[in-house]
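In: Model the structure of this input:
(2 chains)
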Number of protein chains: 2
Amino acid sequence: MDAVIMSGSELAKSMRQEIEAEVQEFITKHGFAPSVAVVRAGEDPASVSYSNALKKAFGARGLGFTLHTLPESASQDEIVELVAKLNAESSVHGIMVQEPLPKGIDESIVKDALSPDKDVDGVHPVNTGRLAQAAPVGRPPMVGPFFVPATPAGGMEILKQYKVSLQGKHAVVVGRSTIVGKPMSLLLLRENASVSMCHSQTEDLPGLCRTADILCAAVGRANMIKGDWIKPGAVVIDFGVNFVEDKMTGDVDFEEAVKVAGMITPVPGGTGPMTNIMLMKNVIEAANRQVRSN
Amino acid sequence: MDAVIMSGSELAKSMRQEIEAEVQEFITKHGFAPSVAVVRAGEDPASVSYSNALKKAFGARGLGFTLHTLPESASQDEIVELVAKLNAESSVHGIMVQEPLPKGIDESIVKDALSPDKDVDGVHPVNTGRLAQAAPVGRPPMVGPFFVPATPAGGMEILKQYKVSLQGKHAVVVGRSTIVGKPMSLLLLRENASVSMCHSQTEDLPGLCRTADILCAAVGRANMIKGDWIKPGAVVIDFGVNFVEDKMTGDVDFEEAVKVAGMITPVPGGTGPMTNIMLMKNVIEAANRQVRSN
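Out: Okay, the predicted model is just below:
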């Protein structure tokens, strides 16, 4: 029997309505919309099309969106100054700095310059650190408020909506990026899964993957994870966004995996559509925190 | 054949000389010693004996040590004010706030109040976050400077000194505390191990432990990890400090484990003696960073 397809598109559709309602409620209460400012330096085509897509998605839900562009020749100081200006602006609730930054810019300095309270992408070390330190869900967190990167947050939301039990289960996360793999591992740990963090250097990666009750792929290599890497009945979350002959494909060989797994996210239509949703939720959350503390 | 005993005591002894030399060099160059300030609120007996032991250990190596005590009745604001004062004092290079703090004090607010540059215990979210974000060792780290908690840093130093190969190997870390288990997992990941984070909720913990090439125990339960939980030849790092009838014992059943493991740290005399050493190294590093940036 084929796996249950966990549709991020369907879930995103129903959550969009939730978000519209939250935005309307916020506007009614405060007289302005939760707003994000996006910073881009240079004209990287993927960045340009991403910020265009964001603008459209945010506008359609009633959220505020402003784009702040700098030339490819922008200096470190100019980028940091722009971020500092947006930190100070009370009409801006969330800030995202698009990557890639121009050559010679130290990304870590730009991240550090963000106000953690407006870092809706969850890239500031304070937000990563609080996520890493936070106690398991259901206990007092023992850390201040934080933001989680949207992509892994979306993966967790899919697991939650499809009622996947995580407590005590073995989750294997392949890929250790700062934006997906590592935060996904920390999120699964907070839900009391045992979490194995794997990567390109892992010995016997197929063998380790086969021990997973929940297998998460975030490596960026098309169809790398084969059907026989998957334990029968396992839940597979595919964060991969790869293009093979112009066709979008995940990190998991879907055709093979769907015959073995118990549940699986497709690509496209799985984790992808959830990313914007979770980002919007972070912006609304940031706005709510900021109005509460004013 | 019995396991090789990895002696933290022996390693600490040789590193003490290294540290003394570094301290002397620093004093010669700058005219003052790297110094730590310890904050304690209340008179918890374990805290009192720990700060006494630290004072002696730091003094013996020529490092500066000052103890700042507040009464058990100290308020959150009083503790935060003291930390802020020490942050601003240029003669203080490292600050440690002892736990437990009095009832009603929010530890996360006290941690957040520390200057990350003086947080030689590695408890500020910025330090945790940079450790979590840092690229694997050998590549540009892509984060600002950070401090790692001393106990896991000591475990890593033992692995390094005993030339344990980590690249691609499977490390299992049992226990997910903020001060040992989680940072140890992140440190092993940076050395390109695959890392499985386990804990009290893990299903089939013995089975998962048996897959470990490197098994790290940091749970705080005497003799919990049995000989048949260990893969023959595995390397075992025991962070446990438990007392059974006044006798110090680790989390690993040493008598059983020593017959199965390839290498093992004893308790006492394993990871314990390394903690102070790594703390001193953090204080020297903090002082060096501060004189460089002045």
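In: What parts of chain A come near chain B?
Out: A:107-109, A:112, A:124-133, A:142-144, A:167-170, A:176, A:178, A:182, A:185-186, A:189, A:192, A:194-199, A:201-203, A:208, A:211 (Cβ under 8 Å from any Cβ of the partner chain). In this view, the C-beta of every residue, glycine as well, is placed from N, C-alpha and C.
In: So which residues of chain A form helices?
Out: Here chain A has its helices, by DSSP state H, at A:8-30, A:45-60, A:76-88, A:107-113, A:125-133, A:150-161, A:181-190, A:205-209, A:254-257, A:272-293.
In: any chance of these in a markdown table, with mean pLDDT, mean neighbour count and distance to residue B:148 too?
Out: Conversion of those to a markdown table gives the following (pLDDT from 0 to 100; neighbours: other Cβ atoms under 10 Å in any protein chain shown; distance: least, Cβ to Cβ, whole Å):
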| stretch | mean pLDDT | mean neighbour count | distance to residue B:148 |
| --- | --- | --- | --- |
| helix A:8-30 | 98 | 15 | 37 |
| helix A:45-60 | 96 | 14 | 34 |
| helix A:76-88 | 98 | 16 | 27 |
| helix A:107-113 | 97 | 19 | 17 |
| helix A:125-133 | 98 | 28 | 12 |
| helix A:150-161 | 98 | 23 | 24 |
| helix A:181-190 | 98 | 26 | 16 |
| helix A:205-209 | 98 | 18 | 26 |
| helix A:254-257 | 98 | 18 | 38 |
| helix A:272-293 | 97 | 21 | 29 |
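In: right, so of those helices, which gets closest to residue B:260?
Out: helix A:205-209 (21.5 Å; Cβ to Cβ).
In: Can you give me the domain assignment for chain A?
Out: A:30-118, A:150-272 (automatic domain parsing).
In: how deep is residue A:91 tucked in, by neighbour count?
Out: By other Cβ atoms under 10 Å in any protein chain shown, the residues close to residue A:91 number 11.
In: ok so, going back, make JSON lines out of the helices of chain A and add distance to residue B:38.
Out: Below are these laid out as JSON lines (distance: least, Cβ to Cβ, whole Å):
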{"stretch": "helix A:8-30", "distance to residue B:38": "46"}
{"stretch": "helix A:45-60", "distance to residue B:38": "48"}
{"stretch": "helix A:76-88", "distance to residue B:38": "34"}
{"stretch": "helix A:107-113", "distance to residue B:38": "28"}
{"stretch": "helix A:125-133", "distance to residue B:38": "21"}
{"stretch": "helix A:150-161", "distance to residue B:38": "38"}
{"stretch": "helix A:181-190", "distance to residue B:38": "30"}
{"stretch": "helix A:205-209", "distance to residue B:38": "43"}
{"stretch": "helix A:254-257", "distance to residue B:38": "54"}
{"stretch": "helix A:272-293", "distance to residue B:38": "32"}
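In: So which of those helices is nearest residue B:85?
Out: helix A:125-133 (22.4 Å).
In: How far off centre is the closest one?
Out: Its chain's C-alpha centre and that of helix A:125-133 lie 15 Å apart, by Cα atoms, centre = their mean, to the nearest Å.
In: for that helix, packing partners?
Out: helix A:181-190, helix B:125-133, helix B:181-190 (3 or more Cβ pairs under 8 Å, 6 or more residues apart in numbering or on different chains; DSSP states H and E).
In: Looking at these, spot the one closest to residue B:262.
Out: Minimum separation from residue B:262 across these (Cβ to Cβ) falls at helix B:181-190, 16.9 Å.
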